[in-house]
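>>> Starting from these lines, generate the structure:
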Amino acid sequence: MMLLPGQTSARTGLDRRTVRPRGGTGSTDLRTLRGRMLALVCCLAVLMVGLDSTALNVALPDMQHPLHTSVSGMQWVIDVYNLVVAALIILAGSTGDRIGRRRIFGLGLLLFGLGSALCALAATLQVLIACRVVQALGGVMIAPVSLSVITHSFTDTAQRSRAIGMWSAAFGTGLAVGPLVGGALVAADGWRSIFWINVPIALSTLALTRRFVPESRSSEVRRTDVLGQLLVVVLLGALTYAIIEGPRHGWSALPILTCLAAAAVALVAFAVWERNCLQPLVDLYFFRSVPFTGSVGISVASFAALGGYLFVSTLYLQDVRGLSAFAAGLWMLPMPLMTVACAPVAGRLSGSQGPRLPLVLAGVAMASSGLLMAVCHGQDQALSLCLAYALFGAGIGLVDVPATALAVAGMPRTRAGTASAITMAACRIGVVLGVATFGAVLSLGLTHGLHPGPGGRLAFTAAFGQAEQPVWWIVTGCGAAVALLGLCVTGTWARATAHRSAIALDTAPAAGHTRT
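Numbers count the residues shown, from 1 in each chain. Just a heads-up that it's a prediction; the model follows:
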């Protein structure tokens, strides 16, 4: 999730003392070459990560045949990356604070470039998935640590806000234009080019990092919550496996039931452990704030819809309509255009009216897109399909800024970074669950809709049309949830809970406290 100017990444509160760069003179200045290059390096890194996150979607149909994979296999290609990022993003930010931000940022760029090269060389689905894990380990270091680098390099408030705005715009632009760029790359040189393009960008950014990014670290060292981190990995991994593989193995199969049970146990154990841990991975006091909890719910719902929407739309445009990857990217262009256009509108509305109005508008736009596809069969006509994409893009553009503002509203300044990091993790969790759930529903529908015998492409088209109907109803439900949460968590009572939660967080001892 993109952050508002002035926010920080995981566990990098602005009030914390920071070890200054060796030989440095203090604040970096955007008016100098070094300051502009530092901002450029961080923006280039997150632009690369953002592009990769959405560009790969349009390559999935081209990957399916040479890798001999099914819908569930393509789900894993997308979800394994987001799964690693969701599970480790908070840890990555705190590790950069402890070990050194430039060191971890550089390691992230190296791993991302190496992982991308290995993905481009992968000959089987299993190897590709393993290489995506390597790529994700790099990606999870880049976004939060690059933001932390900016936050602690620019100590002047105005320059920090400008630099964070540039960072946010770069990441958002990467996400928005990813499908179009991905389509062009696939059309020019096949699906492997989507990974190869990352290698020179990562290496050049790494070289610039060594030249222009100073080393810095926090003077406060937190212990790593190892058990809490492991429980998060078990929870997300087991739940994702069960959702993706459920249609193939059967929901009553022993592996699926075992994974569901493991996820439930991990969730309960995580809640109990975090409540009593002296330095928890996630302080549960955050969730006593209704606006914060609502923001997490909004992030999960909206990004689940986004992940699933991109996944299903790509398969529809290429497998059903028979479009090329580039043509599919062009068809989806109204979505990123509206996302980019509506993001500043959301910022202005949040500043003048508060988060309620843009959140309600975002939910209505997403729900309308789902209804247009489900009830009016918007995908059957070019104009209605473009309108559906535009509505959904507008919803995503409107939801990001107010959801982040809602998460940090009323939080102590030193906890705002952790609050925003949790919402960033919630966005990735949403994508994981969205791709897993939408893909599972689609697989189940195709399994039941396709029957042996003649029919060929016409039979597949008919089966896909039936299978995708529940998907659009889920999109509608996600949009309705965003609008409803936007109404419920922005009132006077909700703000009072945020105030009480802030007092509890602000008065808690730094080394930990006993939960009551």
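
>>> for this protein, what spans make up the strands?
With DSSP state E as the criterion, the chain has strands at 18-19, 217-218.

>>> Name the stretch from those strands where average model confidence is lowest.
Ranked by mean pLDDT, these end with strand 18-19 at the bottom, a mean of 41.

>>> worst-scoring helix or strand of the protein, pLDDT-wise?
The weakest-scoring helix or strand in the chain, judged by mean pLDDT, DSSP states H and E, is strand 18-19 (a mean of 41).

>>> pLDDT below threshold where in this structure?
Within the chain, the stretches with pLDDT under 70 are 1-27, 218-222, 378, 410-417, 447-460, 505-516.

>>> Not including adjacent chain positions, what is the nearest residue to the most centrally placed residue in it?
The C-alpha lying nearest the average C-alpha coordinate of the chain belongs to residue 428 (CA atoms, centre = their mean; 3.5 Å). Computed as CB to CB, 6 or more residues apart in numbering, the closest residue to residue 428 that is not its neighbour in sequence is residue 86, at 3.6 Å. For the C-beta atoms, the positions are set from N, CA and C on the backbone; glycine is no exception.

>>> same thing with residue 401?
That would be residue 346: by CB to CB, 6+ apart, it lies 4.4 Å from residue 401.

>>> With residue 325 instead?
Using CB to CB, 6+ apart, the closest residue to residue 325 is residue 186 (3.7 Å).

>>> neighbours around residue 484, how many?
17 (other CB atoms under 10 Å).

>>> got the contact list for it?
Listed by CB atoms under 8 Å, 6 or more residues apart in numbering, the contact set of residue 484 reads residue 363.

>>> Relative to residue 356, how far out is it?
Shown here: residue 484 relative to residue 356, a distance of 12 Å by CB to CB, to the nearest Å.

>>> what does residue 364 give?
Computed as CB to CB, the residue 364 to residue 356 distance reads 12 Å.

>>> do the same with residue 490
Distance from residue 490 to residue 356, by CB to CB: 4 Å.

>>> who's more crowded, the two?
With neighbours defined as other CB under 10 Å, residue 490 and residue 356 compare such that residue 490 has more, 21 against 18.

>>> Give me the phi and psi for that one.
Main-chain torsions, residue 490, degrees, to the nearest 10: phi -120, psi 10.

>>> what separates it from residue 354, distance-wise?
6 Å.

>>> Give me the common contacts of those two.
With CB under 8 Å, 6+ apart, residue 490 and residue 354 have no common neighbours.

>>> Nearest spatial neighbour of residue 223, chain-adjacent residues omitted?
Sequence neighbours aside, residue 279 is the residue nearest to residue 223 in space, at 5.1 Å (criterion: CB to CB, 6+ apart).

>>> So what's the residue count around that neighbour?
14.

>>> wouldn't it be in contact with residue 228 here?
No: between residue 279 and residue 228 there is no contact under CB atoms under 8 Å: 9.4 Å.

>>> For residue 197, which non-adjacent residue is closest in space?
That would be residue 185: by CB to CB, 6+ apart, it lies 6.3 Å from residue 197.

>>> Which residues lie in contact with the one you found in this structure?
So residue 185 contacts 55, 59, 193, 194, 197 (CB under 8 Å, 6+ apart).

>>> how much space between it and residue 49?
Taken as CB to CB, the span from residue 185 to residue 49 is 16 Å.

>>> cool, and residue 397?
Taking CB to CB as the measure, residue 397 falls 19 Å from residue 49.

>>> Skipping its backbone neighbours, what lies nearest residue 195 in space?
residue 120 (3.8 Å).

>>> my read: that neighbour touches residue 196, true?
Yes: using CB under 8 Å, residue 120 is in contact with residue 196, at 4.8 Å.

>>> The two: which is more packed in?
Taking other CB under 10 Å, residue 120 and residue 196 do not tie; residue 120 has more neighbours (19 against 16).

>>> Run through the residues that contact that one.
192, 193, 195, 196, 199.

>>> What about those, which one has the most neighbours?
residue 195 (26 neighbours).

>>> Next one: it relative to residue 83, how far apart?
The value you get for residue 195 to residue 83, if CB to CB is used, is 18 Å.

>>> now do residue 250
Applying CB to CB to residue 250 and residue 83 gives a distance of 23 Å.

>>> For those two, indicate the residue with more neighbours.
residue 83 (26 against 12).
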